[in-house]
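Student: Dropping a prediction and its sequence here:
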Amino acid sequence: MLTSDDIAPLFTRADGSYLFARWGRPIAPIVFGVTEATLPVIKGAMEAVVAMAGHQMAETDPELGSNCMFFFFRDWDELTEVPDLDKLVPDLAPLVTRLKAAEANQYRVFRFDDQGAIKAAFVFLRMDKELGAQPAADLALGQVVQVMLLWSEQAFAEVSPLAIAGGRTVLRPEIGAVIRAGYDPVMPAVAQDPSHALRLAARVGMAQ
């Protein structure tokens, strides 16, 4: 069973601070740069994880239209050519420069409401050999999981949130349990005190 010592690192930043946030509104996703055949795969992954969390999806967000945007592309410079993206993602050009220098193949940007809950997420995926080798369903599931909560930047650096079971790629049960606990209605949408990990562990234990 997961303990608070297992959970706390998932939301502990590089500077040692603890920060948890979940979506504070229904998720209205949109996907750019994939084939028509791939769209249902990504939508299906989103629907499955959101349903598991007990959260909601929507066709549109009243403020932003779409509030969870997935961009698939071959080169980081393509982002600077997307109309008005620089209005949604501040300092887009310097960000692209840094990601190119780091040879990164993925990056996520979050925006928050007045309470600190997630109100928008932007997922950028440069389809290099590594990402291109992944089955679309596996890639979609992994990316959806990583936008459901404001995980630590190091949360999945060593161990993927996914696992193989019965020849299929699935969400690791313990990560699914943390997501469900995080979306429990009795839990806060935002937390900065490490004691929050104790409450998550308690919810996980109750569910098991």
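Tutor: Structure's in. What do you need? Numbering: from 1, shown residues only.
Student: Tell me who's in contact with Phe124.
Tutor: Phe124 is in contact with Phe71, Phe73, Trp76, Leu79, Leu99, Gln106, Tyr107, Arg108, Val109, counting by CB atoms under 8 Å, 6 or more residues apart in numbering. (Glycine included, C-beta is placed from N, CA and C.)
Student: Can you select the buried ones among those residues for me in PyMOL?
Tutor: Only the buried members of those enter the following PyMOL selection, criterion being 16 or more other CB atoms under 10 Å:
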select buried, resi 71+73+76+79+99+106+107+108
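Student: I'd like the contacts of Phe124 laid out as CSV, including secondary structure, distance to Thr169 and pLDDT.
Tutor: Formatted as CSV, the entries for the contacts of Phe124 read as follows, by DSSP: H, G, I helix; E, B strand; the rest coil; distance: CB to CB, whole Å; pLDDT from 0 to 100:
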residue, secondary structure, distance to Thr169, pLDDT
Phe71, strand, 22, 96
Phe73, strand, 23, 95
Trp76, helix, 27, 97
Leu79, helix, 28, 95
Leu99, helix, 26, 96
Gln106, strand, 17, 95
Tyr107, strand, 22, 96
Arg108, strand, 20, 96
Val109, strand, 26, 95
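Student: Need the pLDDT of the closest residue to Ala177 other than its chain neighbours.
Tutor: In space, not counting the residues next to it along the chain, Ala177 is nearest to Val204; the distance is 4.6 Å by CB to CB, 6 or more residues apart in numbering. Each residue has a pLDDT score; the one for Val204 is 92.
Student: and Val204, how many neighbours?
Tutor: With neighbours defined by other CB atoms under 10 Å, the count for Val204 comes to 23.
Student: who does whichever helix in the chain runs longest touch, helix- and strand-wise?
Tutor: Residue-count comparison of every helix in the chain, with assignments taken from DSSP state H, identifies helix 39-53 as the longest. Using 3 or more CB pairs under 8 Å, 6 or more residues apart in numbering; DSSP states H and E as the contact definition, the elements that helix 39-53 packs against are strand 29-32, helix 136-148, helix 173-182.
Student: Would you mark the buried spots in stretch 90-100?
Tutor: Leu92, Leu95, Val96, Leu99.
Student: Just put these in CSV and tack on secondary structure and distance to Val147.
Tutor: Compiled in CSV, the buried residues of stretch 90-100 are given as follows (DSSP: H, G, I helix; E, B strand; the rest coil; distance: CB to CB, whole Å):
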residue, secondary structure, distance to Val147
Leu92, helix, 18
Leu95, helix, 17
Val96, helix, 20
Leu99, helix, 17
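Student: Check which element follows the longest strand anywhere in the chain along the chain.
Tutor: When the chain is scanned for its longest strand (criterion: DSSP state E), the result is strand 118-126. Scanning forward in sequence from strand 118-126, with DSSP states H and E defining helices and strands, the next element found is helix 129-132.
Student: Name the residues that touch that following helix?
Tutor: Taking contacts as CB under 8 Å, 6+ apart, the residues outside helix 129-132 that touch it are Asn105, Gln106, Leu125, Leu139.
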